[in-house]
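Asker: What would the 3D arrangement of this be:
(one chain, ligands or ions: 2)
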Amino acid sequence: MSDLSALSSVPPAGVSGLHRDAVLKFFYGPMDCGKSTLALQTNYNHARQGRKGMVLTKHDRSGGPRVTSRIGLGGDALEVVDDLDIETLVRGTMPRLDYLICDEAQFYTVRQIEQLADLVDDCDVDVYAFGLASDFKSELFPATRRLFELADEVFRLQVEVLCWCGRPGQLNARTTGGELQRAGEQVVIADTDEAPVRYQVLCRRHYRSGDLGSKAPLY
Ligand SMILES: Nc1ncnc2c1ncn2[C@@H]1O[C@H](COP(=O)(O)OP(=O)(O)O)[C@@H](O)[C@H]1O
Ligand SMILES: Cc1cn([C@H]2C[C@H](O)[C@@H](COP(=O)(O)O)O2)c(=O)[nH]c1=O
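Answerer: Numbering: from 1, shown residues only. Ligands and ions are numbered 1, 2, ... in the order given. Below you'll find the model as predicted:
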């Protein structure tokens with residue numbers, strides 16, 4: 001009979017006997033690169049295998065507590081307000097949650113990002129966060145900085161958003177009346193459509209020069 005005593009220290013989780021930790025994954029890219037689409041797809045794929053999840057967002061462009069993507073998909077979500085304690089919310093949810101989908105994560109507070117990391121480590125909840133890296137001044141959002149610091153894995157989305165010149169665009173310019181803005185509030189909810197305040201994804205050269213191209217709307 002073989003001696004099984006050497007196996008007694010192997011944790012019981014999983015087929016292999018090895019423990020698989022929950023993860024904090026952060027997916028980022030400029031406006032219009034498909035972050036909300038991927039958030040909705042991720043939720044769909046996990047939910048259809050019976051995992052229990054919750055979808056969170058903040059300041060979706062629809063104006064409501066929803067995740068909406070320009071490709072036409074949408075789904076209900078919980079709105080994250082500044083004083084929401086995400087950790088207490090998730091710990092108090094029964095049956096227990098397997099995962100969280102966090103869209104527009106750049107708008108969460110730094111404390112809320114830390115709560116997401118704590119939920120991964122202490123409650124074994126997988127967290128999939130989606131958001132912008134930088135604001136209209138090309139500076140990291142505070143929550144994004146914390147995600148870069150804490151996430152287990154960070155992914156730049158692969159769908160290229162092109163600058164008007166054809167180069168890949170990574171910087172989110174805010175424009176008003178056809179002029180690039182370099183000062184103002186960090187948070188101004190708007191779209192890449194033709195509203196008076198809008199956003200336009202530019203390559204670094206054209207962000208720096210402020211050249212919005214000939215297709216920029218004239219007001
Ligand atoms: N009519 C369309 N046909 C194909 N793809 C589209 C269409 N409209 C939007 N999209 C895709 O949707 C993307 C925007 O997705 P969205 O989830 O709203 O982006 P983000 O959340 O990053 O701002 C576009 O980059 C484009 O790839
Ligand atoms: C660059 C930048 C963006 N915003 C706002 C504009 C939109 O409402 C969202 C981003 O939406 P998306 O799903 O990534 O398209 O963020 C902002 O408030 N401040 C900024 O500097």
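
Asker: Who is the residue nearest the centre of the chain paired with across the strands?
Answerer: In the chain, the centroid-proximal residue (Cα atoms, centre = their mean) is Phe130; its distance is 1.2 Å. In this structure, Phe130 has beta-bridge partners Phe27, where bridges are defined by DSSP bridges.

Asker: if I look at it, how far off is Leu202?
Answerer: Taking Cβ to Cβ, to the nearest Å as the criterion, Phe130 is separated from Leu202 by 21 Å. Yep, even glycine has a C-beta here, placed from its N, CA and C like the rest.

Asker: And for Leu119?
Answerer: 36 Å.

Asker: Looking at these two, which is more packed in?
Answerer: The neighbour comparison of Leu119 against Leu202 (other Cβ atoms under 10 Å) goes to Leu202, with 29 against 23.

Asker: if you skip the residues just before and after it, what's nearest to Ser36?
Answerer: Counting by Cβ to Cβ, 6 or more residues apart in numbering, the nearest residue to Ser36 once its immediate chain neighbours are dropped is Ser69, at 4.1 Å.

Asker: That neighbour and Asp32 touch, don't they?
Answerer: No: with contacts counted by Cβ atoms under 8 Å, Ser69 stays clear of Asp32, the gap being 9.9 Å.

Asker: Alongside ligand 1, which residues does the chain contribute?
Answerer: Residues of the chain lying close to ligand 1 by Cβ under 6 Å from any ligand atom are 31-37, 69-71, 159, 161.

Asker: Quick one: classify Ala39 as helix, strand or coil.
Answerer: Reducing the assignment to helix, strand or coil with DSSP: H, G, I helix; E, B strand; the rest coil, the entry for Ala39 is helix.

Asker: Can you give me the first-to-last residue distance of stretch 159-169?
Answerer: Taking Cα to Cα, to the nearest Å as the measure, stretch 159-169 stretches 11 Å from start to finish.

Asker: Buried residues in it, which are they?
Answerer: Residues of stretch 159-169 classed as buried by neighbour count (16 or more other Cβ atoms under 10 Å): 161, 163-164, 169.

Asker: And the residues you listed, which two are furthest apart?
Answerer: Farthest pair in the buried residues of stretch 159-169 (Cβ to Cβ) is Val161 and Trp164. Separation: 11.0 Å.
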